[in-house]
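**Student:** Output the structure for:
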Amino acid sequence: MEVLTWQEKEKSKRPGLYANIHAKRKRIKAGSGEKMRKPGTKGAPTKANFKRAAKTAKKRRKKRGWKKK
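**Tutor:** Model (predicted):
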C-alpha cells in the first residue's frame, strides 16, 4: 500500500471550482472567444457547488500589525 504525504495529495488533486473559474477568465481575457455561463444554465455552477467549495477553502491568515526588521 502506497502512503502519500500531504504535499503529494495536494498535487494529485484536481483543480477546484475557483481555480477553474480563474483559469477560464484568464483564457477569455487572452481572447479565446469563450463566454462565462449564465447562472441557471446547463453546466453552470450552482449555489450548492459554491457552498461545497467554501467548505474546503483555505482559511485566510490575518495580517499582523508589526513590521519586519
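**Student:** How far off centre is the longest helix belonging to the chain?
**Tutor:** Across the chain, the longest stretch assigned as helix under DSSP state H is helix 17-29. Distance, stretch centre to chain centre, for helix 17-29: 9 Å (C-alpha atoms, centre = their mean, to the nearest Å).
**Student:** who touches that helix?
**Tutor:** 15, 34, 35, 36, 45, 49, 50, 52, 53, 57 (C-beta atoms under 8 Å, 6 or more residues apart in numbering). C-beta here means a position set from N, CA and C on the backbone, and glycine is covered the same way.
**Student:** the inter-axis angle of the helix or strand just after it versus helix 17-29?
**Tutor:** Counting by DSSP states H and E, the next helix or strand C-terminal to helix 17-29 is helix 47-55. Counting by axes from the mean of the first three to the mean of the last three C-alpha atoms, to 10 degrees, helix 47-55 lies at 110 degrees to helix 17-29.
**Student:** by contact count, what packs against helix 47-55?
**Tutor:** Contact analysis of helix 47-55 by 3 or more C-beta pairs under 8 Å, 6 or more residues apart in numbering; DSSP states H and E lists helix 17-29 as its packing neighbours.
**Student:** can we see that at 6 Å?
**Tutor:** Applying 3 or more C-beta pairs under 6 Å, 6 or more residues apart in numbering; DSSP states H and E, we find helix 47-55 packed against no helix or strand.
**Student:** Make residue 1 into 408 and carry on from there
**Tutor:** Got it, first residue is 408 now, which makes that one helix 454-462.
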